[in-house]
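Asker: structure for this input, please:
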Amino acid sequence: FDGFGASRCAHSAPKGHKTSKHFLMAQSADDVKKAILAAAPAQKLPTSVSFATGGLGGILGWLVVHPFNTCAIRMNLASQSGSAAANLGFVPFATKIINEEGVLSLYNGLPAGIVRQMVYATARLGLFEAMRDFVAKYRENDIISRLGVGIITGGAAAVISCPAEVSLVRMSNDAALPADKRR
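Answerer: Next up, the predicted model:
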């Protein structure tokens, strides 16, 4: 046993298994990393897959987050209008909305939120993957280059999705307004 589990790997891996062969030859953590990378074939995903998974992940996450965002927006607007509900905490405020308007009212503005995620999350992850690969041609793909790429692509995605964000806030709040004041 060499501290990396090589003796277990030799007994449990099937004969001829490439990972066990490389793993047994490993002498340090760097060697283990290199052995794992050598054993796994490097397949680059198409750019369209990066964009699609970013958008789908953002949408699925937004389905969970949207009711909380709706409550937060409405709490902010209630505090600006001087409403008595502005003094409530988050849970009592959400309970008040549910009792007065129903659970589905927390999903007001959901289409705008989904559009925002389709634009923002798709652009953020898709642009990150594409730009990271581009930068890797000219410099090492280290934490500094990833950080820079993340800042640039996150900012670009935020600018691109700004109109959808405005629609989201308006649609989330408009349900609480009288019919003649809705936009």
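Asker: from here on, just use CA atoms for contacts and neighbour counts.
Answerer: Will do.
Asker: which helices and strands sit right next to the longest helix that the chain contains?
Answerer: In terms of residue count, the longest helix belonging to the chain (DSSP state H) is helix 47-81. Counting contacts by 3 or more CA pairs under 8 Å, 6 or more residues apart in numbering; DSSP states H and E, the secondary-structure elements packed against helix 47-81 are helix 90-101, helix 110-136, helix 143-174.
Asker: show me where the chain dips below the pLDDT cut-off.
Answerer: Residues of the chain meeting the criterion pLDDT under 70: 1-29, 32-33, 35-42, 86, 172-173, 175-179, 182-183.
Asker: repeat the analysis, applying 80 as the threshold.
Answerer: The chain contains residues with pLDDT under 80 at 1-47, 50-51, 80-87, 164-165, 167-183.
Asker: spatially central residue for it, please.
Answerer: The centre of the chain sits closest to G58, judged by CA atoms, centre = their mean, with a distance of 5.2 Å.
Asker: just checking, that residue touches R116?
Answerer: No: using CA atoms under 8 Å, G58 is not in contact with R116, being 9.1 Å away.
Asker: distance of the closest residue to L125 other than its chain neighbours from A72?
Answerer: Once flanking residues are discounted, L125 sits nearest to G54: 5.2 Å by CA to CA, 6 or more residues apart in numbering. Distance, G54 to A72, using CA to CA, to the nearest Å: 25 Å.
Asker: neighbour count: the two, which is higher?
Answerer: The residue with more neighbours, out of G54 and A72, is G54; 22 against 16, by other CA atoms under 10 Å.
Asker: what about W62, how many neighbours?
Answerer: Residue crowding around W62 was assessed by other CA under 10 Å; the count is 18.
Asker: surely it and P111 touch.
Answerer: No: distance between W62 and P111: 10.6 Å, which falls outside the contact criterion (CA under 8 Å).
Asker: picking that back up, spit out the contact partners of the residue nearest to the centre of the chain.
Answerer: Neighbouring residues of G58 by CA atoms under 8 Å, 6 or more residues apart in numbering: 117-118, 121-122.
Asker: now swap in V149 and tell me
Answerer: V149 makes contact with 128, 131-132 under the criterion CA under 8 Å, 6+ apart.
Asker: before we move on, what about A156?
Answerer: A156 makes contact with R124 under the criterion CA under 8 Å, 6+ apart.
Asker: any idea how far it lies from I98?
Answerer: A156 is 36 Å from I98, by CA to CA.
Asker: cool, L104 as well?
Answerer: From L104 across to I98, the span is 8 Å (CA to CA).
Asker: before we move on, what about I114?
Answerer: I114 is 22 Å from I98, where distance means CA to CA.
Asker: mind checking which of those two has more residues around it?
Answerer: The neighbour comparison of I114 against I98 (other CA under 10 Å) goes to I114, with 23 against 14.
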